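Trainee: with the input below, show me the fold.
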Amino acid sequence: MIVTLGSVRGAPGVSVTSVLLAAAWPGRTERVVLEADVDGGVMGARYGLGVDPGVGALVAAVRHGMEETDRLLERSARRVADRTWLIPGPESAMSASRVWGADRAAAQVAAALASDIDRLWLIDAGRVSARMATAPLVGAASVALVLVRDQPADLLQVPERVHEFAEAGASIVGVVVVGSPDYGTDELREFCGTSHLWRIAAEPSAVALTQQGWDNRRLRRAPVWRDAVALSADLAELASEQRVSDG
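Mentor: Coordinates of the predicted model:
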């Protein structure tokens, strides 16, 4: 199962939200956070892991015909918590663009991950759009989320991106508003063009808390953690319903 997270502008917290969802996801499902931001990644430095192995190793393995996800994890991922793995992306935009810009790289990776029914793949796609090399990672998603801050100038960009994600082929497209917008939930749903809309608290210390451990007590007491738990539960239910409807 794939959940892809992207934004329209600025830095609403796609990377840390991916981490929070991995930590909060219900049940015993194995979770993998894949950093696929063509503007360059932050997770390798943020969590002291470096970037090798990482996305480069994943893409190379898939392009050489290795699609068994157990072996892909062995080649490219780092275990960061119980049942939780991280595949960091290249730190520079030039390196990230080179990796994902290889012929059909994203499409091949998306196909390999979509076939993995035993794991949750949370893809941090950064400011992704339908025109970018990583667009197939949106199209293959069971759920594609547009993250946006609560400011009007940012919210205005959302309807077009929701439409793009749906056109790319994502099964379900949702919106996550970070902060406390001056609009009601129903009003935001109508404006954004999706019935799937959530709010999560803006937590300035979220990155620092996850750096102390994805399961530390201070993080678990933060309002953003409560929101991540609720969001992950809703997403798990949506994905389950989607699998049933797909037969």
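Trainee: biggest helix in the protein by residues?
Mentor: Identified as the longest helix of the chain according to DSSP state H is helix 223-245.
Trainee: other SSEs contacting it?
Mentor: Applying 3 or more C-beta pairs under 8 Å, 6 or more residues apart in numbering; DSSP states H and E, one finds that helix 223-245 contacts helix 14-24, strand 143-149, strand 172-178, strand 197-200. C-beta coordinates here come from the backbone N, C-alpha and C atoms, glycine included.
Trainee: how about the ones you listed in TSV, adding distance to residue 132, mean neighbour count and mean pLDDT?
Mentor: Shown next, in TSV, are these (distance: least, C-beta to C-beta, whole Å; neighbours: other C-beta atoms under 10 Å; pLDDT from 0 to 100):
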stretch	distance to residue 132	mean neighbour count	mean pLDDT
helix 14-24	14	25	96
strand 143-149	13	26	97
strand 172-178	16	24	97
strand 197-200	24	20	96
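Trainee: Serialize those to a markdown table and add fields for distance to residue 206.
Mentor: As requested, those are exported to a markdown table (distance: least, C-beta to C-beta, whole Å):
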| stretch | distance to residue 206 |
| --- | --- |
| helix 14-24 | 5 |
| strand 143-149 | 13 |
| strand 172-178 | 10 |
| strand 197-200 | 10 |
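Trainee: out of those, flag the one nearest residue 85.
Mentor: helix 14-24 (8.6 Å; C-beta to C-beta).
Trainee: enumerate every residue touching the residue lying farthest from the centre of the chain.
Mentor: Of all residues in the chain, residue 182 has its C-alpha farthest from the mean position, at 25.8 Å, by C-alpha atoms, centre = their mean. The contact partners of residue 182, taken as C-beta atoms under 8 Å, 6 or more residues apart in numbering, are residue 150.
Trainee: can you show me the helices along the chain?
Mentor: Ranges of helices in the chain, per DSSP H, are 14-24, 43-46, 55-63, 69-76, 93-101, 105-114, 135-139, 152-155, 158-168, 185-192, 206-211, 217-221, 223-245.
Trainee: make CSV out of these and add distance to residue 7.
Mentor: Below are the helices of the chain laid out as CSV (distance: least, C-beta to C-beta, whole Å):
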stretch, distance to residue 7
helix 14-24, 5
helix 43-46, 16
helix 55-63, 19
helix 69-76, 24
helix 93-101, 15
helix 105-114, 18
helix 135-139, 12
helix 152-155, 9
helix 158-168, 8
helix 185-192, 14
helix 206-211, 15
helix 217-221, 22
helix 223-245, 16
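Trainee: nearest to residue 8, of the ones you listed?
Mentor: Comparing the helices of the chain by C-beta to C-beta, helix 158-168 comes nearest, at 4.9 Å.
Trainee: who does the closest one touch, helix- and strand-wise?
Mentor: Against helix 158-168 (3+ C-beta pairs under 8 Å, 6+ apart) you get helix 135-139, strand 143-149, strand 172-178, helix 185-192.
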